[in-house]
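S.K.: coords please:
(one chain, ligands or ions: 1)
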Amino acid sequence: MRTHTALHVLCGTIFRDYGAHVTGGDMQPLKGRLDFEFETMRGELVREIETVINQEVAQAREIRVKILPREEALQIPDLIRTKINLLPEGIMLVRTVEIVGLDLQADGGTHVHNTSEVGKIRVADYKSKGAINKRIYVEIE
Ligand SMILES: [Zn+2]
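M.R.: Prediction:
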């Protein structure tokens with residue numbers, strides 16, 4: 001749950017600060033990665049991102065889960081943050097996960113209740129996965 005929440009913080013921060021969408025990801029206990037549509041990714045930028053995500057964690061932002069009717073959920077801009085935007089027809093209720101003030105996504109996962117529970121996030125590595133895809137690896141201490 002800490003790792004999952006950390007990935008939300010990363011995704012929410014990068015979307016807010018750089019407008020970059022997530023194109024993929026993977027999660028294991030206490031580590032994970034996300035791919036973003038980013039043209040250039042340099043060490044300097046990665047360190048800046050690491051600083052900002054830890055500031056967001058330290059803000060002790062509350063995490064709220066809601067179940068919304070499909071129509072209401074679809075009116076929220078950017079709710080479905082991944083590049084491939086799929087909400088199958090027939091899904092009438094959408095579960096949303098909000099990191100108050102930072103991130104709001106359609107999501108079925110489990111999370112901590114407050115970002116302060118995440119702990120320190122370390123950006124362990126980054127890699128280019130093509131012209132516009134850049135991968136960021138994080139570890140939770
Ligand atoms: Zn989630």
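S.K.: quick one: furthest residue from the center of the chain?
M.R.: Residue farthest from the centre of the chain, counting by Cα atoms, centre = their mean, is residue 90 at 25.8 Å.
S.K.: Which positions in the protein make contact with the ion?
M.R.: Listed as neighbours of the ion in the chain under the rule Cβ under 5 Å from the ion: 107, 109. Glycine gets a C-beta too; all of them are placed from N, C-alpha and C.
S.K.: In the chain, mark out all the helices, start to finish.
M.R.: 2-18, 43-58, 70-74 (DSSP state H).
S.K.: Now residue 7: closest residue in space that isn't a chain neighbour?
M.R.: Nearest-residue entry for residue 7: residue 32, 5.2 Å, with adjacent residues in sequence omitted and distances by Cβ to Cβ, 6 or more residues apart in numbering.
S.K.: Residue ranges in the chain under the pLDDT threshold?
M.R.: 80-86 (pLDDT under 70).
S.K.: Distance from the chain centre to stretch 95-111, please.
M.R.: Here the centre of mass of C-alpha atoms in stretch 95-111, compared against the chain's by Cα atoms, centre = their mean, to the nearest Å, lies 9 Å away.
S.K.: Nice, that's everything, thank you.
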